[in-house]
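Student: Below is the structure, and that's it, no one-letter string:
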């Protein structure tokens with residue numbers, strides 16, 4: 001009997017006391033629930049969860065070991081309980097706050113929270129909370145109550161835990177005599193593993209991602225776009241057709257509205273009259289409306305960069321030569337006036353490159369909320385219009401985005417502040433109403449921009465293109481927001497052209513963001529880089545297919561004999577989807593397994609395989 005008990009006692013002596021195991025289980029459960037939710041909703045790396053749990057284990061043991069040493073007996077037991085409970089409750093509250101911010105980040109911009117974004121928004125929590133229907137007093141009260149409850153719970157639990165790990169006069173009599181040594185050995189092993197796998201931790205573990213800002217981009221574009229250096233001026237010139245040639249300069253204005261999808265705009269025949277200014281311009285024949293426009297992806301980084309550089313997702317394997325770089329070679333003054341914090345949004349400012357004379361976004365000021373489009377209007381009103389023909393201005397608006405600021409006068413469709421799931425998500429009708437109001441405000445912002453350009457005597461000579469970086473889900477596929485698969489709601493965007501020098505543009509069956517930058521160069525008779533994918537919208541083209549993509553998904557949209565199909569392929573497991581976009585509820589029925597679709601899917605698969613010939 002004694003011999004049979006020896007192995008059990010030996011094993012138990014190396015395990016932590018039961019209260020320590022309970023504490024570990026409590027922390028691991030919180031982390032698992034939060035990260036599992038993110039994995040379920042937004043995909044990601046399961047190994048990142050294991051890495052995160054390892055960090056939490058190390059953190060807990062580090063917090064516990066000092067209280068298990070002999071010298072700690074000199075401190076009164078009550079003081080030890082208070083100090084330990086204070087340390088653990090603060091750490092736990094910070095972790096819960098981090099998990100909440102990470103979920104909000106994925107929900108708002110399809111990416112994790114980062115230290116840079118935290119620093120940007122920490123001073124604007126009043127506006128950010130108001131977007132989710134929470135006032136600052138309520139938020140402070142909830143946080144204070146959570147911390148107090150956490151402290152109370154840890155203080156109560158500390159009596160059992162500290163008694164279990166506190167040293168006694170003769171350590172040899174302790175039942176769990178070796179647990180400290182076994183914990184240190186395990187920590188040492190984790191440190192060795194960490195040292196050899198550090199690069200993987202940087203890309204997968206949530207705390208590393210937030211601090212180092214290195215993984216969020218994986219959902220925004222291929223990693224090479226963020227990790228490689230931008231081409232030099234010599235590389236830029238080598239991409240031209242022939243030599244730099246004489247141009248006919250004119251002002252070029254590119255405006256993108258974040259998350260704007262065409263079928264929800266009044267000017268495109270949408271269900272709501274939310275674009276009175278644009279509709280009036282279109283009705284009077286002053287703007288050209290392109291009807292079948294697609295974004296290259298479903299998130300902002302690849303959408304903005306793809307538009308400026310005429311590249312699809314699979315071609316963004318390094319910071320590309322973009323429209324600003326080309327126009328700089330022609331003597332243009334380059335200005336970026338962007339709502340939102342694009343400086344800290346996964347390094348987007350660096351990707352834009354050095355050839356920008358004036359860069360101004362929401363992070364450059366502290367007076368207004370970072371996603372307030374009035375920032376752009378204010379800067380544009382004070383713009384220096386010297387050499388007015390040689391201006392390229394890129395404007396980005398956030399009015400239609402879920403976290404964009406809305407002025408009360410544009411709250412036309414109500415309610416907009418109904419929330420569910422602990423105030424993180426709006427109800428479906430509230431989300432849609434907020435989106436419609438955002439489009440209405442964006443329309444007004446465009447009207448004011450046109451007024452500023454007209455007052456500066458720029459508008460009549462300018463080529464103005466209005467488009468979006470991507471679309472937005474409004475409940476389709478049970479999704480709200482963007483960044484998911486490139487289904488129609490997330491990639492169908494508007495394209496409106498104001499060009500008094502040209503009365504009409506040829507209609508196309510299908511167009512893409514990659515056509516925008518070539519259109520602007522063609523308008524001034526500039527050479528177009530040979531490696532750009534787009535075709536100027538001023539020209540007719542036999543092209544009948546374009547590429548769409550998102551994190552983990554590649555895709556093709558193509559026309560066959562008057563019918564439009566979309567093909568999607570999962571890069572991880574090769575699963576295929578095929579949809580007939582001419583039918584009602586077109587993306588509800590996957591045709592990839594239908595025998596009669598074999599010829600079409602073979603063709604679409606062949607087009608998609610062409611992307612594998614380029615780095616991605």
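Tutor: Perfect, I can see it now. What you see is a predicted model; the values in this text were computed from it and never measured. Residues are numbered from 1 along each chain as shown.
Student: And the helix or strand where residue 392 lies, how far out from the chain middle?
Tutor: Under the assignment given by DSSP states H and E, the secondary-structure element containing residue 392 is strand 391-397. The chain centroid and the centroid of strand 391-397 are separated by 21 Å under C-alpha atoms, centre = their mean, to the nearest Å.
Student: Then stretch 113-131?
Tutor: The chain centroid and the centroid of stretch 113-131 are separated by 15 Å, computed with C-alpha atoms, centre = their mean.
Student: Start and end of it, how far apart?
Tutor: The separation between the terminal residues of stretch 113-131, taken as C-alpha to C-alpha, to the nearest Å, is 17 Å.
Student: What lies in contact with that stretch?
Tutor: Contacting residues not belonging to stretch 113-131 are listed as 98, 101-102, 104-105, 135-136, 139, 209-211, 213, 216, 341, 344-346, 363, 366, 369-370, 402-403, 405 [C-beta atoms under 8 Å, 6 or more residues apart in numbering]. Where C-beta positions appear, they are placed from N, C-alpha and C, glycine not excepted.
Student: in the chain, what secondary structure element scores lowest on mean pLDDT?
Tutor: Of all helical and strand segments in the chain, the minimum by mean pLDDT, DSSP states H and E falls on helix 233-238, at a mean of 52.
Student: and stretch 101-114, average pLDDT?
Tutor: The pLDDT scores in stretch 101-114 average 79.
Student: One more: stretch 289-308?
Tutor: Looking at stretch 289-308 alone, the average pLDDT works out to 94.
Student: Stretch 69-84 now?
Tutor: 89.
Student: now swap in stretch 33-41 and tell me
Tutor: What stretch 33-41 shows for mean pLDDT is 87.
Student: contacting residues for the closest residue to residue 398 other than its chain neighbours?
Tutor: Of all residues beyond its chain neighbours, the one nearest residue 398 is residue 404 (3.8 Å), with distances taken as C-beta to C-beta, 6 or more residues apart in numbering. Contacts here follow C-beta under 8 Å, 6+ apart; on that basis residue 404 touches 258, 339, 371, 372, 373, 397, 398, 438, 441.
Student: I figured residue 279 hits residue 268, correct?
Tutor: No - using C-beta atoms under 8 Å as the test, residue 279 is too far from residue 268 to be in contact (9.2 Å).
Student: What is the strand holding residue 392 packed up against?
Tutor: In terms of contacts (3 or more C-beta pairs under 8 Å, 6 or more residues apart in numbering; DSSP states H and E), strand 391-397 is packed against strand 252-257, helix 323-329, strand 333-338, helix 374-381, helix 428-455.
Student: secondary structure element for residue 465?
Tutor: When secondary structure is defined using DSSP H and E, the element that contains residue 465 is strand 463-468.
Student: Give me the sheet partners of that strand and which way each runs.
Tutor: For strand 463-468, the pairing partners within the sheet under DSSP bridges are strand 252-257 (parallel), strand 495-499 (antiparallel).
Student: Format those strands as JSON lines; extra columns: mean neighbour count, mean pLDDT and distance to residue 539.
Tutor: Compiled in JSON lines, the strands paired with strand 463-468 are given as follows (neighbours: other C-beta atoms under 10 Å; pLDDT from 0 to 100; distance: least, C-beta to C-beta, whole Å):
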{"stretch": "strand 252-257", "mean neighbour count": "24", "mean pLDDT": "98", "distance to residue 539": "18"}
{"stretch": "strand 495-499", "mean neighbour count": "22", "mean pLDDT": "97", "distance to residue 539": "14"}
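Student: Tell me which of the ones you listed lies nearest to residue 246.
Tutor: When the strands paired with strand 463-468 are ranked by distance to residue 246, counting by C-beta to C-beta, first place goes to strand 252-257 at 16.8 Å.
Student: and for the closest one, what are the contacting residues?
Tutor: The contact list for strand 252-257 (C-beta under 8 Å, 6+ apart) reads 303-304, 307-308, 323, 327, 332, 391-397, 399-400, 442, 446, 449, 453, 458, 462-469, 516, 520, 523-524.
Student: Same check on stretch 358-371?
Tutor: 120-121, 123-124, 127-128, 333-344, 349, 352, 372, 374-375, 379, 396, 398, 401, 403-405.
Student: Could I get the buried residue list for that stretch?
Tutor: If you call a residue buried by 16 or more other C-beta atoms under 10 Å, then stretch 358-371 has these buried ones: 359, 360, 361, 362, 363, 368, 369, 370, 371.
Student: Need the distance between the two termini of it.
Tutor: From its first residue to its last, stretch 358-371 covers 19 Å (C-alpha to C-alpha).
Student: out of the strands paired with strand 463-468, nearest to residue 576?
Tutor: Between residue 576 and the strands paired with strand 463-468, the shortest gap by C-beta to C-beta is with strand 495-499, which sits at 29.0 Å.
Student: next one: that closest one to chain centre, how far?
Tutor: How far strand 495-499 lies from its chain's middle: 27 Å, per C-alpha atoms, centre = their mean.
Student: any idea of the angle it forms with helix 428-455?
Tutor: With axes from the mean of the first three to the mean of the last three C-alpha atoms, to 10 degrees applied, the angle from strand 495-499 to helix 428-455 works out at 10 degrees.
Student: partner strands of the following helix or strand past strand 495-499, parallel or antiparallel?
Tutor: Per DSSP H and E, strand 495-499 leads on to strand 511-512 as the next helix or strand towards the C-terminus. Sheet partners assigned to strand 511-512 using DSSP bridges are listed as strand 293-294 (parallel).
Student: Ramachandran angles for residue 58?
Tutor: phi -60, psi -40 (degrees, to the nearest 10).
Student: per-residue pLDDT, it?
Tutor: At residue 58 the predicted local distance difference test score is 95.
Student: Skip the chain neighbours and tell me the closest residue to it.
Tutor: Per C-beta to C-beta, 6+ apart, closest to residue 58 is residue 187, 5.5 Å.
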